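*Asks:* Any chance you could fold what I've pasted below:
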Amino acid sequence: MNRLIGRLPKVGIRPVIDGREAGVRESLEVQCMDMAKAAAKLIEDNLRFPSGEKVECVISDTTIGGVADAAMCADQFKREGVEVSLTVTPCWGYGTEVMDTNPLIPKAVWGFNGTERPGAVYLAAALAGYAQKGLPAFGIYGKDVQDAGDRSVPSDVEEKIIRFTKAALAVAQMNGKSYLSIGYSSMGIAGSMVDVNFLQDYLGVRAEFVESVEVLRRIDEGIYDKDEFKKALAWTKENCKEGKDHNTPETQKNAETKDQEWEKVIKMTIICRDLMIGNPKLKTMGFGEESKGRNAIMGGFQGQRQWTDYQPNADFTEAILNSSFDWNGIRQAYMLATENDCLNAVSMLFGHLLSNKAQLFSDVRTYWSPESVTRVTGKELTGIAENGIIHLINSGSTTLDATAQQTDENGNPTMKPFWDISEEEVQKCLDNTKWPPAVREYFRGGGFSSQFKTKGIIPLTMSRVNLVKGIGPVLQIAEGWSVELPEDIHTILDERTDPTWPTTWFVPRLTGKGNFKSVYGVMAKWGANHGAISHGHIGADLISLASMLRIPVNMHNVEENDIFRPASWSAFGENIEGSDYRACENYGPLYGNK
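*Replies:* Just a heads-up that it's a prediction; the model follows:
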């Protein structure tokens, strides 16, 4: 169930037709509407929201043969909550007279590749009109000619329709929601210095700020569901087993103190969730204002150092909320960033909206060269790890889904949307996670960090939005795989950092050029200390999304044939990465100055 305020966006299908009556329009009505129905079926059969609901399409009540039809369609779409526009046509239409002119709605045009009617000619004319009016639109055109009576959707067209729609729905879902900053700047990390103008201008997201003391107030004054706390405490005691205490004997806490810390981190988890999305139970307790939440589609917890010098860390809170399950069962993951790194939260949200899956939050901590691994362990890296590995590790905050204890239809490790996860898989994720007491050199206030390693080889995409003065936001992307190292290598390398934290060993896909000539090059050119990691290779989807938001991509290893941006990007030069920068600068942020 959608837990945020506001209806889920719908996809509008606009069947454009030749408006000449007395024979022409009438002969095309069925074919034109069938094309719209085929596009709608494709989308509805293949796409769901991260909250689980199926995507709904709205087809224009009438084919669109002129400006009056276009206006009626726009009015219908406004009434029915359409926030994504896909125009389809098998024939000629009157270019600017029938186009969608809403500048805030992502748009695409599918022109049928057939010889009997010039759908491709309309596509070219329409895209020229959109470019001239400054309304970027994606062009979709099958590579193979189809017969006039062919109602199928070619595979290359399917791929582009799905890629466009996923990215466009991500844009629509962010608009009007909030980023919740619990606390503010953490240890001087620039990404945690929340840029309210970036959020508003590029994503349509408002920034909401709550001081960390509000968490303490709610704990002290009992502003949380007591029944849920009891349930959560029992579930945690049963499923979240403490790991080895790596603190020195003189700094280790006794069992009573640890029990108190467990109770507090559970309350923190409930309260942070309530701050994000609200909780109607609080209203029945007399806390009407607190019951409403902040309509936060993502958030961040400041943590270090002011909070963690004094209180238990939020590793448990972040890890549980970022997972696809808790004491209430299997549900959609939340996006809550460690150290209030807003830019990493944004990157996590991008991955979540495109994949429907929980996301990893990690330090991009260490590049291990093959030579260094051999020197330290006496062993050699083999297989896809032979060129080196990157250690993704952070203080216990990443999703427990990243244990990769879920399995696909062939029994291979994977991560799934929450509706495909079984209770047995949840239990395996929990059973393969331990919770060592936090190392008090880092966390004076205590707490517990999750400890696991990602199982097997699973496809991953690491991404990160960075803000660069003079440019604005840029996005970097690295597709690759996790690697499960032999235990004797893993243990030696892992314990050199902090053995109480979760580990994912990552290998980016090398291309032999640019920043992807080597694993070292990827690590060296990564733009921040954090990365957001999504299951699957979603780099092409991220590129399409970034173009809609006018965020240029400064680093990626996606195949050129898979890159899909608005048609007008080609007018900004032949080099596709340079043209991306120029196009984004020309059009400006989606919601800026609108």
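
*Asks:* pLDDT score for residue 119?
*Replies:* The per-residue pLDDT reported for residue 119 equals 74.

*Asks:* ok, for it, nearest residue in space, not its chain neighbours?
*Replies:* For residue 119, ignoring the flanking residues on the chain, the nearest one in space by Cβ to Cβ, 6 or more residues apart in numbering is residue 112 at 3.5 Å. (Each C-beta comes from the backbone N, C-alpha and C, glycine too.)

*Asks:* Next up, the contacts around the one you found.
*Replies:* Counting by Cβ atoms under 8 Å, 6 or more residues apart in numbering, residue 112 makes contact with 35, 88-91, 119-120, 142, 146.

*Asks:* got the buried residues for the helix or strand encompassing residue 276?
*Replies:* Assessed by DSSP states H and E, residue 276 sits inside helix 255-277. Across helix 255-277, burial judged by 16 or more other Cβ atoms under 10 Å covers 258, 261-277.

*Asks:* Run through the helices of the stretch 101-250 of the chain in chain order.
*Replies:* Counting by DSSP state H, counting those that start in this stretch, the stretch 101-250 of the chain has helices at residues 119-133, 155-174, 196-198, 213-220, 226-239.

*Asks:* Tell me which of those helices sits most buried.
*Replies:* helix 155-174 (a mean of 22; mean count of other Cβ atoms under 10 Å).

*Asks:* as a whole number, average confidence for that one?
*Replies:* Confidence for helix 155-174, expressed as mean pLDDT, is 97.

*Asks:* That one - contacts with which helices or strands?
*Replies:* Helix 155-174 sits against strand 10-15, helix 24-46, strand 82-89, strand 107-111, strand 138-140, helix 342-355, helix 539-549, with contacts defined as 3 or more Cβ pairs under 8 Å, 6 or more residues apart in numbering; DSSP states H and E.

*Asks:* Make TSV out of those and add mean neighbour count, distance to residue 199 and mean pLDDT.
*Replies:* As requested, the helices and strands packed on helix 155-174 are exported to TSV (neighbours: other Cβ atoms under 10 Å; distance: least, Cβ to Cβ, whole Å; pLDDT from 0 to 100):
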stretch	mean neighbour count	distance to residue 199	mean pLDDT
strand 10-15	26	24	98
helix 24-46	18	28	95
strand 82-89	27	18	97
strand 107-111	27	23	96
strand 138-140	25	25	97
helix 342-355	27	8	98
helix 539-549	24	11	98
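
*Asks:* Any chance of those in JSON lines with distance to residue 390 as columns?
*Replies:* Formatted as JSON lines, those follow (distance: least, Cβ to Cβ, whole Å):
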{"stretch": "strand 10-15", "distance to residue 390": "37"}
{"stretch": "helix 24-46", "distance to residue 390": "33"}
{"stretch": "strand 82-89", "distance to residue 390": "36"}
{"stretch": "strand 107-111", "distance to residue 390": "35"}
{"stretch": "strand 138-140", "distance to residue 390": "33"}
{"stretch": "helix 342-355", "distance to residue 390": "16"}
{"stretch": "helix 539-549", "distance to residue 390": "16"}
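
*Asks:* Could you point out which of the ones you listed sits nearest residue 221?
*Replies:* Nearest to residue 221, of all these, is helix 342-355, at 27.9 Å by Cβ to Cβ.

*Asks:* mind listing the helices in the stretch 401-550 of the chain by residue range?
*Replies:* Remark: helices assigned in the stretch 401-550 of the chain by DSSP H, counting those that start in this stretch are 423-431, 487-494, 519-525, 539-549.

*Asks:* My error: substitute the stretch 251-400 of the chain in the last question.
*Replies:* In the stretch 251-400 of the chain, helices defined by DSSP H, counting those that start in this stretch lie at 255-277, 280-284, 315-321, 342-355, 370-377, listed in chain order.

*Asks:* If we go by neighbour counts, what in the last one is buried?
*Replies:* By neighbour count, and taking 16+ other Cβ under 10 Å as the criterion, the buried residues in helix 370-377 are 370, 373, 377.

*Asks:* so which of those residues comes closest to residue 288?
*Replies:* Closest to residue 288, out of all of the buried residues of helix 370-377 and judged by Cβ to Cβ, is residue 373, at 57.5 Å.

*Asks:* what's the closest non-adjacent residue to the closest one?
*Replies:* Counting by Cβ to Cβ, 6+ apart, residue 381 is the residue found nearest to residue 373 once chain neighbours are left out, at 5.3 Å.
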